[in-house]
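Asks: return a 3D structure for these sequence lines:
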Amino acid sequence: MTIRSMTAFASAQGSLGPHSWTWELRSVNAKGLDLRLRVPDWLEGLEAHVRKVLSQSLARGNVSLTLRVSRTDDGAGEVQVNAALLQSVVRALAEAEDIAKQNQLNLGPTTAADLLGFRGVLEQAAGEDDPAPLVAQMQTELADLVKAFIGMREGEGEALAQILNAQLAQVQDLTERAGAEAEDRKLRFAETMKTNLARVMDNAEGADPDRVAQELALIAVKADVTEELDRLNAHVAAARELLQKGGAVGRRLDFLMQEFNREANTLCSKAQHSGLTAVGLELKTVIDQMREQVQNIE
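Replies: Here you go, the predicted model:
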């Protein structure tokens, strides 16, 4: 499996009969999977199908899908006569003519155009939209849309994996440098401790040499960074394994970034050496950059 980014976009167009539509599918990073769908309600069953497909295909991300459907005039119903209304109009005209004759008025002849001109006599038959064929067609197209969408996610993910592998190499190099600086500090620390110990013993009558030795040993243990360096190397190996494994590993990588940062902070707090402190600060910078990249991984 490959690494996927949570940032992607895909679109598609389709048509069937008088209907045409446009799909838009986009996503950004999120802690979980958040689906926001805009699908016309009259396409029965389509929204549920879309939600199921996206839930099965994606693990994380704020995902928005919009389906816009339009209909051309070619699909309008045919013009037809409202017979009941026409009968009513004819009766009303006949009654009007009778009243006019009784009052010695002569109305002009009524033509068919006059009758059809009355509002509602001519009406357009409503076109009947059966959503089933549309839904079937759109479900087929959805599979291709999601495939293109995932393809973009994987392309972005491959680029992220390359960046992260390069940053992991930097962390490994800095960890080796920290080890070298720690060895240099150890030598200088030993010389400093010997000098300070001699000064203390010369000016502290009655001091217990064993007690002093225990305190010095405790200081040396607290300043030792071997465990931090070992854990940094272990984290590098674990992160590389996750990148190689692929799939939805974003959460685990994010957890590892927290562990990287913890070890770098401890290293800096124990440093007591300019060279080791400098390396520790470089480590923190690279780790922060890694965390920014990891935030986009599914």
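
Asks: going forward, measure contacts between C-alpha atoms and count neighbours the same way
Replies: Fine.

Asks: surely S70 is in contact with G17?
Replies: No. Using CA atoms under 8 Å, S70 makes no contact with G17, being 11.1 Å away.

Asks: how about the contacts made by the residue nearest the centre of the chain?
Replies: Among the residues of the chain, the one closest to the centroid is G61, at 2.7 Å (CA atoms, centre = their mean). Neighbour list for G61: M6, T7, S27, V28, N29, A30, K31, G32, L33, D34, E298 [criterion: CA atoms under 8 Å, 6 or more residues apart in numbering].

Asks: okay, those in JSON lines with secondary structure and pLDDT next?
Replies: Listed next are those as JSON lines, based on DSSP: H, G, I helix; E, B strand; the rest coil; pLDDT from 0 to 100:
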{"residue": "M6", "secondary structure": "coil", "pLDDT": "96"}
{"residue": "T7", "secondary structure": "coil", "pLDDT": "95"}
{"residue": "S27", "secondary structure": "strand", "pLDDT": "97"}
{"residue": "V28", "secondary structure": "strand", "pLDDT": "96"}
{"residue": "N29", "secondary structure": "coil", "pLDDT": "95"}
{"residue": "A30", "secondary structure": "coil", "pLDDT": "94"}
{"residue": "K31", "secondary structure": "coil", "pLDDT": "93"}
{"residue": "G32", "secondary structure": "coil", "pLDDT": "94"}
{"residue": "L33", "secondary structure": "strand", "pLDDT": "96"}
{"residue": "D34", "secondary structure": "strand", "pLDDT": "97"}
{"residue": "E298", "secondary structure": "coil", "pLDDT": "95"}
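
Asks: which of these sits closest to P40?
Replies: D34 (19.4 Å; CA to CA).

Asks: how near is the closest one to L65?
Replies: 11 Å (CA to CA, to the nearest Å).

Asks: so these two - more neighbours on which side?
Replies: L65 (20 against 17; other CA atoms under 10 Å).

Asks: ok, what's across the strand from that one?
Replies: L25, L37 (DSSP bridges).

Asks: show the contacting residues for it.
Replies: Contacts here follow CA under 8 Å, 6+ apart; on that basis L65 touches W23, E24, L25, R26, L35, R36, L37, R38.

Asks: can you rerun that using 10 Å?
Replies: 9-11, 23-27, 35-39, 50-51, 54 (CA atoms under 10 Å, 6 or more residues apart in numbering).

Asks: scan the residues you listed and report the most crowded one.
Replies: Of all the contacts of L65, the highest neighbour tally under other CA under 10 Å goes to S27, namely 23 neighbours.

Asks: do I have it right that that residue meets D34?
Replies: Yes. Between S27 and D34 a contact is recorded at 9.4 Å, counting by CA atoms under 10 Å.
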